[in-house]
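1. Build the 3D model from these lines:
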Amino acid sequence: MIMDRRENHRKKLEVIVHFYFHGHEKVFASITRNISLSGLCVEAGPEILSKMNVGGTVTVFLEYTPHFLLKLKGYIVRCDSSHQGLKNFAVKFLELDDKQKETISSLL
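-> Below you'll find the model as predicted:
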């Protein structure tokens, strides 16, 4: 039996996300795969993967609806391939305020 080491429950969530890696000027866009109170998983292509480093910091802009934009800061904890051959990276959030926690909780 495989033990789940995640801190928080994750929910499948496929929405547009814009982000940039600290130290790079370019803003990238992709799709989230899932989210929790501790972080999120984002699909990534080769151009994105070439710019990232595990441990590097990232700022994420989550667009859940046209009137819903959530800015989150975090660091990259994982970068790998999924079973479907897609590349993903995982972000652990840094210092969420109460409003950010409440907003993410409403998505779960």
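2. Toward the C-terminus, what is the element adjacent to the lengthiest strand in the chain?
-> Counting residues, the longest strand in the chain under DSSP state E turns out to be strand 68-81. Remark: after strand 68-81, the chain's next helix or strand is strand 87-93, criterion DSSP states H and E.
3. just checking, next helix/strand downstream of that following strand?
-> helix 98-107.
4. which of the residues in that next one are buried?
-> By 16 or more other CB atoms under 10 Å, the buried positions in helix 98-107 come out as Q100, T103, I104. All C-beta atoms are positioned from the backbone trio N, CA, C, and that covers glycine.
5. Distance of the residue lying closest to the last one once chain neighbours are set aside relative to G45?
-> Yep, that's I104 we're talking about. Take I104 and drop its neighbours on the chain: the residue closest to it by CB to CB, 6 or more residues apart in numbering is L37, 5.6 Å away. Counting by CB to CB, to the nearest Å, the gap from L37 to G45 is 27 Å.
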